[in-house]
Structure formats: structure tokens, C-alpha cells
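> here are the coordinates; sequence isn't available:
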């Protein structure tokens, strides 16, 4: 692995179970427009939210190996489920630093006033990763975690301004006590449902784990890895394990810009 | 491959993208209680409904290879999406006859009076497999196909007597013209949603592709492959590629009996 000044020019590798992690890429490109990004979405095996620890960990290691071919200066697991179950293994195996989206979200949650809520997939909630990370920082924190298995499907389907989506959000959010005023969006798909969530529970502070992870990336680059030089906008390569139907349409919604060419890789 | 009288004692291999195909196993065990069944559910990579043709075909071939180790007398692809995209390839490669769930469903649909509706995943509907199979039998058939991407998630989540599930079913079914009185459940997950579907569209004849496939299996065994001898109930082996959370609970709902031991296989 090369180090030193040339290293800053290397891309950031971003891994997600599918295309929800493009919300993290969107935040990265807004915050750090000069950085080059290689995104790997495991669209052939998405979603990870109901899979077991062993399977998710294995998939994360395979994804890290693919991203490693691009010699990234940093890898970001832009998926809460994969962060909860695969981060430690990938950190141990990868030839560069690796961060997930849970620690940045937990950092903000631990600093919140009053009890906090965590919304996530079943696998993320069952891992207890958010509770652990928040209690390391604030041992007395009051935390209400809630698995919301159907929200990923709704985000991917794109029923964004829809009474049925509102009804689903209401069903889930009503299970979090009303005194909870700070809720972590513990899945990178959820920010796209913000209109429904906000309508359902006004006055809530929503912590976007993907947005917070992008800020953490900026801190790490500033601290040691370095920013890419020059003023040109960094390129974005998108690698997917399956180019399913409606991908351009749904991907663009998460990324906030059109998806240019997509490359297929086999996993 | 062995043939002759001993062959009838061999199990039926059933492949599905996940556990929805257990509705087909349920029908098989009711219709043919003496038969041994080996079920392979690709729970690590479920759902297939939004994946591409190439990926689904590859997954079907891999699954057929695993089932082949059990020397089945017949393989059943108990998943409409995998039947639509993987049946031809698996038939060409497998050491035994292979049937899918689409031809039996199409057979019944072609015999129906008036226009027919097809509900399925995006990949099933986009394949045009039902239209092709129905029009081979009835070239003038009027067919209304509708992709219902969210229904699989609702079936797996088990919100079975629920106003939100009713609302989703209504949203989808209202897109099929009211003069359509026969609708094919072109996904083996859908029968579990029958209470909501029936409430939404009373007076409809629902064709259950899985149930019809089980009848087709009976015909094939009677015709050439032979029934297993003896009166003992056949054993059921369940192989899964991931033993995720809530599997016993959700699987039992589809199978209609408790899931005994489950074996993990890697795919």
C-alpha cells in the first residue's frame, strides 16, 4: 500500500448493500466535491436487513476485496446493517482505514438531550450496535430501538408523498414513546422518506447516519489522509453486482443526480 | 443417473428464492403426503423480484447444482421469478426433469372465461413469461399484467389482517380493469395475503400458481416418474443459504406446519 502525499489523490471506496448508500455518496459529494469515489452496491443480494451476522460479515469482506482493487485511501461502509455486522471484520482485513455509519450516528445521539430513538432494519437493531456505541459515550443514555423492516421497500419503491407511506411511518413511529424527541435514521434508505417521517412526527430532531458519516470522512481526511488536490470535481464510479430494472430511476433519487454509466461486477 | 423402479423413491427437489416457495411444499405435502421433499431456499439472496435475467438464471443454476446432490427424481422451481428467468437454463443443465410454476398457472389462465389478470414481481412481469405461456394456448387471450413489488415484503412481514395491507392490495388491484374476474397469483408469496386480496376484490377467481404446480407434479409422477411406495409420510429437508432472524416464525406461516431442523448451505 502506498502512503505519503500521493495517497491523498486516491479515491474513497464506499460499500453498500444496494443503492441506499447513494444517500451517503450524495452527502460526500456535497461536502467534499473534489474527492474521487468508487461506490460498490451489492444489488444482487440486497437487502441485508433480515440476514444473519455470518452472511452479512462474509458479504462485507467480499465487497471490501473488490473495493480494495481500486486502492482507496479510505473505505466507508455506507449501510447500517453492514456496519453493524461487518465493520470489525473488514477493519481487520482491509489495507486502509474503514469507517461505518453507526459510530458517527451514535456520537451525535449520545450528545442529544433526553432519550433517543433508533430506527433501523431488523439485523441492525438486533445487533445492539447503536446501543453499545451510544452507551460507550453516555452510559446512562435512554434508548428506544425499533426495527422497521418495511421502510426499505417503501423507500426503494419511491412512494414518497403517499398516504400509505404515511400510515406505515405512523405505525412504526407510534411505537417510540412520545417523549423521545431525537431519532436516529439508522438506515441509509430512510432519509428519502423524510417528508412522511416529518409529517408523522413534527418537532423531532432527525439524525441522518449517512450525513453524519460524510462529516466523519471529512474529519479523517483533514486529520491524516489528506484531501485530493486541484479544483476539478472528483469522478464517481458506480459498481453494482446486478443491474436490475428501474435502477437508473431509483438510484438517481438516492444520489440526487443522474446515474452515469454503471459497471457490473460479480460477487 | 439411476432410472427404473428405485427412482420413484427419490425425493422431489424444490427450489425457491427464499421461503415463499414453502406454500408450494405445503400443497405438495397435502396432495402427495408420501413423497420425500428436499427444499432449497436461497434466503441469503432473496428477493429475486427486482434482479436481472442474468443474475436470476445464474442463481437458479447454482441452486439446481445443490439440489442435484440429493439425486431428485424431479425438480420444481417454486418461485415465479426464478421460473420466468431460470427454468430454460436449468432444464438444459439438470440431470432430471424440471418444472416451474408458470406453465401450470398459465394452463389454468388460458382456460378461463374472459380476460385474465397476472400479479407478480417486477422481474416476472417484465419477462412476459405468463403472456407467452397463455398465448401459446390461447392466442386471443386478453391479459392484464401488473407488477406488485411491495406485496412480497408484506407477506414476509406477516401483516395479514391489517388495514395497511388492505390499502396496498387495493392500490394494486384497482389497476386491473374491473371486468377481469380471473387473476393469477403469479408469486408464491401471494397466497398468504389471500384474506386482504379477497376482501379487496370479492367475486374474483384466484389461480394459485403454487397449488397448480403441485397438481402438475402429481400428473408427472403418475405419468412416468412414479409415486413413492409405502404409507409413511415423506420426510422434508429444508436447506437454506441463510438462517436469518424470524425464520422459524415466518417459514411456519408459509409451510402451514412447524419448521423442523433447517440445514445451512453456502451459495
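In hand now; what should we look at? These numbers come from a predicted model, not from an experiment.

> tally of neighbours for the closest residue to residue A:73 other than its chain neighbours?
Leaving aside its sequence neighbours, residue A:73 sits nearest to residue A:10 (Cβ to Cβ, 6 or more residues apart in numbering or on different chains; 4.2 Å). In this view, the C-beta of every residue, glycine as well, is placed from N, C-alpha and C. Other residues near residue A:10 come to 21 when the count uses other Cβ atoms under 10 Å in any protein chain shown.

> wait, residue A:10 sits on residue A:71?
Yes: with contact defined as Cβ atoms under 8 Å, residue A:10 reaches residue A:71; the gap is 5.6 Å.

> for the residue in the stretch 51-200 of chain A positioned nearest to chain B, give its distance to residue B:171.
Residue nearest to chain B within the stretch 51-200 of chain A: residue A:153 (4.1 Å; Cβ to the nearest Cβ). Distance, residue A:153 to residue B:171, by Cβ to Cβ, to the nearest Å: 14 Å.

> check residue A:40 too.
In this view, residue A:40 and residue B:171 are 34 Å apart by Cβ to Cβ.

> next: residue A:239.
Taken as Cβ to Cβ, the span from residue A:239 to residue B:171 is 34 Å.

> repeat for residue A:123
Distance, residue A:123 to residue B:171, using Cβ to Cβ: 28 Å.

> who's more crowded, these two?
Neighbours of residue A:123 and residue B:171, each counted by other Cβ under 10 Å, are more numerous for residue A:123; the result is 26 against 16.

> just to revisit the earlier point, give me the element the residue of the stretch 51-200 of chain A closest to chain B is part of.
Assigned by DSSP states H and E, residue A:153 belongs to helix A:151-157.

> packing partners of that helix?
helix A:163-173 (3 or more Cβ pairs under 8 Å, 6 or more residues apart in numbering or on different chains; DSSP states H and E).

> buried sites along the helix it packs on?
Within helix A:163-173, the residues scored as buried using 16 or more other Cβ atoms under 10 Å in any protein chain shown are A:164, A:165, A:166, A:167, A:168, A:169, A:171, A:172, A:173.

> now the residue nearest the centre of chain A. Nearest residue, chain neighbours left out?
Geometric centre of chain A, nearest residue: residue A:78, 3.1 Å, by Cα atoms, centre = their mean. Leaving aside its sequence neighbours, residue A:78 sits nearest to residue A:21 (Cβ to Cβ, 6+ apart; 3.2 Å).

> a helix runs through residue A:230, doesn't it?
No: Residue A:230: not assigned to a helix; according to DSSP: H, G, I helix; E, B strand; the rest coil it is coil.

> pLDDT wise, what is it at?
At residue A:230, the model reports a pLDDT of 86.

> so who does it touch?
Residue A:230 sits next to residue A:34 when contact means Cβ atoms under 8 Å, 6 or more residues apart in numbering or on different chains.

> residue B:23 versus that one, what's the distance?
58 Å.

> try residue A:38
41 Å.

> among the two, which residue is more densely surrounded?
residue B:23 (28 against 23).

> wait, a helix at that one?
Yes: counting by three-state DSSP, residue B:23 falls inside a helix.

> shouldn't it be in contact with residue B:210?
Yes: between residue B:23 and residue B:210 there is a contact under Cβ under 8 Å: 4.8 Å.

> and for those two, which residues touch both?
When contacts are counted by Cβ under 8 Å, 6+ apart, residue B:23 and residue B:210 are jointly contacted by B:78, B:188, B:191.

> show the contacting residues for the last one.
Contact partners of residue B:191, counting by Cβ under 8 Å, 6+ apart, are B:23, B:185, B:208, B:210, B:211.

> A helix includes it, no?
Yes: judged by three-state DSSP, residue B:191 forms part of a helix.

> if we can go back for a sec, please name the nearest non-neighbouring residue to the residue of the stretch 51-200 of chain A closest to chain B.
Using Cβ to Cβ, 6+ apart, the nearest residue to residue A:153 is residue B:153, at 4.1 Å.

> do residue A:56 as well
Nearest non-adjacent residue to residue A:56, counting by Cβ to Cβ, 6+ apart: residue A:85, 3.9 Å away.

> count the residues that sit near the one you found.
Counted by other Cβ under 10 Å, the residues lying close to residue A:85 total 28.

> and it, its phi and psi?
With angles defined as degrees, to the nearest 10, residue A:85 sits at phi -110, psi -20.

> got phi/psi on the nearest residue to residue A:175 once chain neighbours are set aside?
Closest residue in space to residue A:175, ignoring its immediate chain neighbours: residue A:146 at 5.6 Å, by Cβ to Cβ, 6+ apart. Phi and psi for residue A:146, reported as degrees, to the nearest 10, are phi -140, psi 120.

> now the strands for the stretch 1-150 of chain A?
Using DSSP state E, counting those that start in this stretch, the strands of the stretch 1-150 of chain A run over A:12-16, A:37-41, A:74-77, A:98-99, A:116-120, A:143-147.

> just put those strands in a markdown table and tack on mean pLDDT.
Shown next, in a markdown table, are these (pLDDT from 0 to 100):
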| stretch | mean pLDDT |
| --- | --- |
| strand A:12-16 | 98 |
| strand A:37-41 | 98 |
| strand A:74-77 | 98 |
| strand A:98-99 | 98 |
| strand A:116-120 | 98 |
| strand A:143-147 | 98 |
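
> which among these is found nearest to residue A:52?
strand A:143-147 (14.8 Å; Cβ to Cβ).

> just the buried residues of the closest one, please?
By neighbour count with 16+ other Cβ under 10 Å, strand A:143-147 contains the buried residues A:143, A:145, A:146, A:147.

> again, but for stretch A:243-263
By 16+ other Cβ under 10 Å, the buried positions in stretch A:243-263 come out as A:243, A:244, A:245, A:247, A:250, A:251, A:253, A:254, A:255, A:259, A:262.
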